[in-house]
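A.B. asks: Quick one, fold the following:
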Amino acid sequence: MGEEYNLSEAYSSFFYSKDIADTWNMCVDREFLEEHNIDSESYGAKNMVKFFVVRNLLSTVTTAGSYSEKIIREFYCNLTENLRDPRYAIHGKVYMRGQIFQFSPAIINGFLGTHFVEDAELPSLDVMTSVLTGRLVTSFPAHPHKLAAAKLTSFYSVLHKTTVKTRIPFGNSIVVTNHQAPVLYAIGTGVAFNYGRLVFDTVMTFEDFAQPTLKLPYPSLIYSMLKSQGIEKDDDETLTEAGELLKISLALLRGNRKIDLPWSESSVAAGVVTDVSNTSLAPEIFVPPSNTKNLDTAFIQAQLLHSERKITQAKAHLAYYEGLKAHYKTLLYAVSSSVQKWGDDDGGKGK
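C.D. replies: Alright, predicted model coming up:
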């Protein structure tokens, strides 16, 4: 349904149609939700770096970088409703600067190496509330329809604050809404969770500019993805840096909340209270070997294991393969850098 983008018919190099160009005034001054990376020392002390490795989500909390504000505003301005509809030829495609760029849940997962799965069925909101609070609260509040973050266990408090400040833009670290609770539960317990779908759906809520005061999410992630596909900034465009490193606040480890940090692998099973029927969708757990030189190596191994599994299981997803190509380049660079670093640290031994 619908026609493919025809570059020769584009209204300008920046906008495919005049209608899109006319919306630029609603984008030009939009601000951004700042993305942060976690401090490996602070999070490592509570075993939370290993948690993100096991959940295959380390790339979502350690890869935020600089971005061009103008390019990100252009990206959001060029979003169209048909981008999300697979019936249309322009599904999963965005026109920018005279080129076509891929943007879909599969592309996002491929770029980050996150799980390409369907979201599993979750238990009731009350059951999830009980897990998130360590049974301190056994039903989700009806009025207001929000759970105070101070009721969360220390583990879920840190997870909530981290997701707000990295790449799951909840926007408010004081309360947990009925939309946020399932995300925290899925990440924390390890049930099947499609991160790429979450990012894509969040981005697409900005397609119609219905809430012009909201800050634009994922600027660093989107810019990195566009760069991997060949976009180039103009010489006069400056880059905005990612926010300062996140550290675990001692305030999240105190109070009347249940203290369940440092995180341990046993909590994978102990924290799950669910009636999920299709357990085949649950992600495979990767446990780093005890003699791993550092967590960067464990991360690379986890990503490689995940990518190899998905290559064999998702041959029909051409878009996913294109995303993996960009991800492999990132991994290759990381491996090369690590090998060089180890060689320098060992004084050239083994050469």
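A.B. asks: Report the buried residues of the host helix or strand of residue 44.
C.D. replies: Assessed by DSSP states H and E, residue 44 sits inside helix 40-45. Across helix 40-45, burial judged by 16 or more other CB atoms under 10 Å covers 40, 42, 43. C-beta: built from backbone N, CA, C; applies to glycine.
A.B. asks: just those now: which is nearest residue 223?
C.D. replies: residue 40 (22.9 Å; CB to CB).
A.B. asks: in terms of contact, does the closest one touch residue 47 like I think?
C.D. replies: No - Residue 40 lies out of contact with residue 47 (CB atoms under 8 Å); the separation is 11.8 Å.
A.B. asks: Same list, the buried residues of helix 40-45, but as a markdown table with pLDDT and distance to residue 74 please.
C.D. replies: Formatted as a markdown table, the buried residues of helix 40-45 follow (pLDDT from 0 to 100; distance: CB to CB, whole Å):
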| residue | pLDDT | distance to residue 74 |
| --- | --- | --- |
| 40 | 91 | 33 |
| 42 | 93 | 36 |
| 43 | 93 | 34 |
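A.B. asks: out of those, who's nearest residue 237?
C.D. replies: residue 40 (30.6 Å).
A.B. asks: pretty sure residue 80 is touching residue 90, no?
C.D. replies: Yes - Residue 80 lies in contact with residue 90 (CB under 8 Å); the separation is 7.0 Å.
A.B. asks: Mind jotting down where the strands sit in the stretch 51-200 of the chain?
C.D. replies: Counting by DSSP state E, counting those that start in this stretch, the stretch 51-200 of the chain has these strands, from start to end: 67-68, 93-96, 99-102, 146-148, 175-177.
A.B. asks: ok, and what's touching the shortest one?
C.D. replies: By CB atoms under 8 Å, 6 or more residues apart in numbering, the residues outside strand 67-68 that reach it are 219, 220, 222, 223, 224, 233, 237, 238, 239, 240.
A.B. asks: Pull up the overlap in contacts between residue 40 and residue 47.
C.D. replies: Shared contacts of residue 40 and residue 47 (CB under 8 Å, 6+ apart): none.
A.B. asks: quick one on the thing from earlier: which of the strands of the stretch 51-200 of the chain sits closest to residue 112?
C.D. replies: strand 99-102 (14.0 Å).
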